[in-house]
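**Q** Sharing a model prediction with you, sequence too.
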Amino acid sequence: MNSWPSIPLRELKEYQFPKLKLINSNNQSSTLEGADSFNMYVCGITPYDATHLGHAATYLAFDMVNRYQSAAGSKVEFVENVTDVDDPLLERAKRDGIDWRKLAHTQIELFKSDMTALRVIPPSHLVHVTDSLEIIENFIKLLDQNGYLYKLDKDFYFSVGSFLQDLPISVEEAVKIFAERGGDPDREGKKHPLDPVVWFAHREDDPAWNSSFGLGRPGWHVECTAIASHYLDQKKSDPILQIQGGGADLKFPHHFMSEQIVKAAYGRGFARDYIHAAMIFFDGEKMSKSKGNLVFVSELLEQGIDPMIIRWALMSGHYQQDRSWSEQLLFKAISEVTQVRAALAQSEVAEADPLIRSIINDLANNLDTPTALSRLLQWANSSISNPQVNQSGLVSRAIDSLLGLAL
Ligand code: ZN
């Protein structure tokens, strides 16, 4: 639903796939189970601006998980949301004097074309919040039935107080971050400063929907828990998800709140592992709207840069290490991709099997793409200096399936 075009994956049945090991948000090594089925929910975009390289790096990281699990034979169920009604979107639409729906639609289309160009496998469901109001309302009703919902003026809050023993940071620190990321810790009348809004009463000029909680719109955290549970809780497992993924900035409050909200609604855990992708800097500085140094995928594509070079450049660093985008990185990626393409164009190359087995093992080790790419480069150099076998097609298929590189 709503996703971008699917990408056929070539099977690699002749290879052994070790279980994928990932480092979760508790800095623990976690080995993924689920030989037959695997589910993953990744927090999606708020469509008020184009996809910048930080977004792209995050979606590439989870694309690697999806590719690995699929190649290893799992049936992957993967859902991603689009927060297509939220303060930043409404504020941007107001600032630019355009309809918020039109802004969201344009940016969602741009996001889909960026993901298509980068060869990110689409989720089984790309779910818009505005298409999910009933699902979200029904979920909030569970919080109400279980006594975790309260009303303040006309807004409704989730009472997180009884779950704070799981807070990974101090309350003071949590309150500070909560305020920086859209929370309202200082509002009078709240039971606890960290309680998040789950239903905003209608404010002038803002879009609103009718619900049993009055006219209004849902809050951010509850949207993801409601959508993920609706699409991925068929087995009523505890926890519901194997992976809840997103950028490192979602660790708190978003993913913490999601976990507590699901506990309150179902008495079960939300995700076995929370996996976070690190940030992308620009020339050593944090990319941000205020600094005006965001690099957008669509701009690079417009400049004629091959999307496979963008993909290679982002994967040449590890997904859990903050790293910098620069012209130098781009030029390096251009040169490396050119070498691999030159090798793949030959009729005879170095042996494929040891390379493919090594890449599989690198990926199984917390998605070590930098090592996988350096092996591919070494293979390309050996292929040029000492070609031996007619196996370039096999390497092409394997790196497309495993790394998303169609070279
Ligand atoms: Zn989310």
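**A** Okay, I see it.
**Q** Mind pulling the model confidence for the residue in the stretch 151-300 of the chain positioned nearest to the ion?
**A** Residue nearest to the ion within the stretch 151-300 of the chain (CB to the ion): C224, separated by 3.2 Å. Glycine gets a C-beta too; all of them are placed from N, C-alpha and C. Predicted confidence (pLDDT) at C224: the value is 98.
**Q** Which element, helix or strand, includes it?
**A** In the assignment (DSSP states H and E), C224 maps to helix 220-232.
**Q** Could you give me the buried positions within stretch 260-270?
**A** If you call a residue buried by 16 or more other CB atoms under 10 Å, then stretch 260-270 has these buried ones: Q260, I261, V262, K263, A264, A265, Y266, F270.
**Q** of all those, which two lie farthest apart?
**A** Comparing every pair within those by CB to CB identifies Q260 and Y266 as the most remote, at 11.6 Å.
**Q** quick revisit: restricted to strands, list the buried residues of stretch 260-270.
**A** Judged by DSSP state E, strands contain none of the buried residues of stretch 260-270.
**Q** Give me the phi and psi for the closest residue to L152 other than its chain neighbours.
**A** Among residues not flanking L152 along the chain, G189 sits closest, at 4.9 Å (CB to CB, 6 or more residues apart in numbering). Dihedral pair for G189: phi 100, psi -10, per degrees, to the nearest 10.
**Q** surely G189 meets K151?
**A** No - assessed by CB atoms under 8 Å, G189 is found out of contact with K151, at 9.8 Å.
**Q** Neighbour count for the two, which is higher?
**A** Taking other CB atoms under 10 Å, G189 and K151 do not tie; K151 has more neighbours (14 against 10).
**Q** doesn't the more buried one fall inside a strand?
**A** Yes - counting by DSSP: H, G, I helix; E, B strand; the rest coil, K151 is located in a strand.
**Q** ok, now which ones touch the closest residue to it other than its chain neighbours?
**A** The shortest distance from K151 to any non-neighbouring residue, by CB to CB, 6+ apart, is to Y157 (7.7 Å). Contacts for Y157 (CB atoms under 8 Å, 6 or more residues apart in numbering) come out as L149, Y150, K151, K190, K191, D195, P196, V197, V198.
**Q** Is it possible to mark the buried ones in the residues you listed?
**A** Judged by 16+ other CB under 10 Å, buried ones among the contacts of Y157: L149, Y150, K190, D195, P196, V197, V198.
**Q** returning to what we had before: dihedrals phi and psi, the residue nearest to K151?
**A** phi -120, psi 150.
**Q** and what of E351?
**A** Dihedral angles for E351 - degrees, to the nearest 10 - are phi -60, psi 140.
**Q** next one: the one 10 residues further on
**A** With angles defined as degrees, to the nearest 10, N361 shows backbone torsions of phi -70, psi -40.
**Q** Can you give me the neighbour number for the closest residue to it other than its chain neighbours?
**A** Take N361 and drop its neighbours on the chain: the residue closest to it by CB to CB, 6+ apart is P18, 6.7 Å away. Other residues near P18 come to 13 when the count uses other CB under 10 Å.
**Q** what does the one 4 residues further on give?
**A** As a burial measure, the neighbour count of L22 was computed by other CB under 10 Å and equals 22.
**Q** ok, now T371?
**A** T371: 15 neighbours (other CB under 10 Å).
**Q** what's the closest non-adjacent residue to it?
**A** Excluding its sequence neighbours, the residue lying closest to T371 (CB to CB, 6+ apart) is D362, at 4.6 Å.
**Q** Assumed that neighbour was part of a strand.
**A** No - judged by three-state DSSP, D362 forms no part of a strand; its state is helix.
**Q** Which helix or strand in the protein has the lowest average pLDDT?
**A** Least confident helix or strand, the chain: strand 285-286 with a mean of 82, by mean pLDDT, DSSP states H and E.
**Q** Averaged pLDDT, whichever helix or strand comes after that one. What do you get?
**A** Sequence order places helix 297-302 as the next helix or strand after strand 285-286, per DSSP H and E. If you average the pLDDT over helix 297-302, you get 97.
**Q** Contacts for helix 297-302 next, please.
**A** 50-53, 55-56, 110, 113-114, 117-118, 307, 310.
**Q** quick one, what contacts M308?
**A** M308 sits next to R119, V337, L405, A406, L407 when contact means CB under 8 Å, 6+ apart.
**Q** Need the buried ones from those selected in PyMOL.
**A** Filtering the contacts of M308 down to the buried ones (16+ other CB under 10 Å) takes a single PyMOL command:
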select buried, resi 119+337+405+407
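**Q** May I ask which two of the contacts of M308 are separated the most?
**A** Every pair of those checked by CB to CB; the farthest is R119 and V337, at 13.4 Å.
**Q** Let me see the contact set for the nearest residue to A265 once chain neighbours are set aside.
**A** Nearest in space to A265, with sequence neighbours left out and distances taken as CB to CB, 6+ apart, is L142 at 4.1 Å. If you count contacts by CB under 8 Å, 6+ apart, L142 has them with A264, A265, Y266.
**Q** try 10 Å this time
**A** Y148, L149, T225, A226, S229, I261, V262, A264, A265, Y266 (CB atoms under 10 Å, 6 or more residues apart in numbering).
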